[in-house]
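Enquirer: I'll drop the sequence and a predicted model, then ask my questions.
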Amino acid sequence: MEDKIQGVITKGIGGTYTVGASNGVSYLCQIRGGIRKTGLTPAVGDSVLIGESGDPDVPYVIEKILPRKNSLVRPPLANVDALILCFAVKDPEPDLKMLDKMLIICGKNNIKPIICFTKCDLDSEFAQNLYDDYTKTGVLCFMSYEDNKPSVDEIFDACGESVLIGFAGPSGVGKSTLCNSILGSNLMAVGDISERLGRGKHTTRHVELFSYKGKFLTDTPGFTSLDLLDLGYEYRDVILGYPEIKELSVECRFDDCRHISERDCAVKPEVGNKIGSKRYERYKEFNEFLYSMRNNYNGGTRK
């Protein structure tokens, strides 16, 4: 049996995948039929084993997808170490519910989150307020200006030992511009804001990994919504996106305290102090919604 080559899927379009191997060679691959039968779909970021296919048009085939540390649907990535969550302070207006949902997703999947507020020139005071609010969470935050963007060294230092680093966030916030600035080249398509919709146009159409200084960087397609229920999350997961609440929760009287209406809760007295008031309201909204959905399922009203 021929030796298998191990590599990482760096791009996938229309059922054809590019796999970058440790020898520096990229291979064009399709997937073995047996993988299809398992229902497992290869994702960018997957570690795989490939072998020769005998087809001159697509000369290699993915034989096996190695175990994943995590897998995301939005953005579609596997084995993510860090996500740089990009949100503009204006044009488009920041959707802080979406930002908090993305922090929950990072917490659930053991991904290191880093927040970058972009277009800070457009409203520097509001940008500073957002920066101050989110630094209370313990998540490292950056502010990006037209003439003063975070450098590659700052980003890499923030990511620590992370190998696969993704840029994620809504459309039109400047993810591609920031990624190009860090990479020092125009690898990502840059779009603008739709005047009719007031939000970003989708310019990144697929996920692709770019090797840079021993790491993989990727821009991801922008999006306008995330549904925690559809992603399979439950109310206990919400706190994973609120590290400032989780830290205080160890002092609560009850182990199952939801930090909403329970007695002797250590979290609620710190709202407006160690916990931003609006952050707490979003925590309550997510927690109560998912809690109600669980009760509906358990009560038999939803199947």
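Expert: On my side now, so go ahead. Nothing here was measured: the structure is a model prediction, and the numbers come from that model. Numbering: from 1, shown residues only.

Enquirer: for this structure, which helix is longest?
Expert: helix 277-298 (DSSP state H).

Enquirer: tell me the helices and strands packed up against that helix.
Expert: Contact partners of helix 277-298 among helices and strands, from 3 or more C-beta pairs under 8 Å, 6 or more residues apart in numbering; DSSP states H and E: helix 96-108, helix 243-249. For every residue, glycine as well, the C-beta is placed using N, CA and C.

Enquirer: determine which of those approaches residue 232 most closely.
Expert: helix 96-108 (9.6 Å; C-beta to C-beta).

Enquirer: run through who's touching that closest one.
Expert: Under the contact criterion C-beta atoms under 8 Å, 6 or more residues apart in numbering, helix 96-108 has outside partners 72, 83, 85, 87, 111-113, 115, 137, 139, 168-170, 225-226, 228, 231, 233, 237-243, 278-279, 282-283, 285-286.

Enquirer: highest average neighbour count across the helices and strands packed on helix 277-298?
Expert: Ranked by mean neighbour count under mean count of other C-beta atoms under 10 Å, those are led by helix 96-108, which reaches a mean of 21.

Enquirer: quick one: it to chain centroid distance?
Expert: Relative to its chain's centre, helix 96-108 lies at 8 Å (C-alpha atoms, centre = their mean, to the nearest Å).

Enquirer: I'd like the next helix or strand past that helix.
Expert: Remark: after helix 96-108, the chain's next helix or strand is strand 112-118, criterion DSSP states H and E.

Enquirer: ok, back up a step: which among the contacts of helix 96-108 count as buried?
Expert: 72, 83, 85, 87, 111-113, 115, 137, 139, 168-170, 226, 228, 233, 237-243, 279, 282-283, 286 (16 or more other C-beta atoms under 10 Å).

Enquirer: contacts only, for the one residue sitting closest to the centre of the chain.
Expert: With distances taken as C-alpha atoms, centre = their mean, the residue of the chain nearest its centroid is residue 83 (4.8 Å). For residue 83, the contacting residues are 102, 106, 111, 112, 113, 114, 165, 166, 167, 168, by C-beta under 8 Å, 6+ apart.
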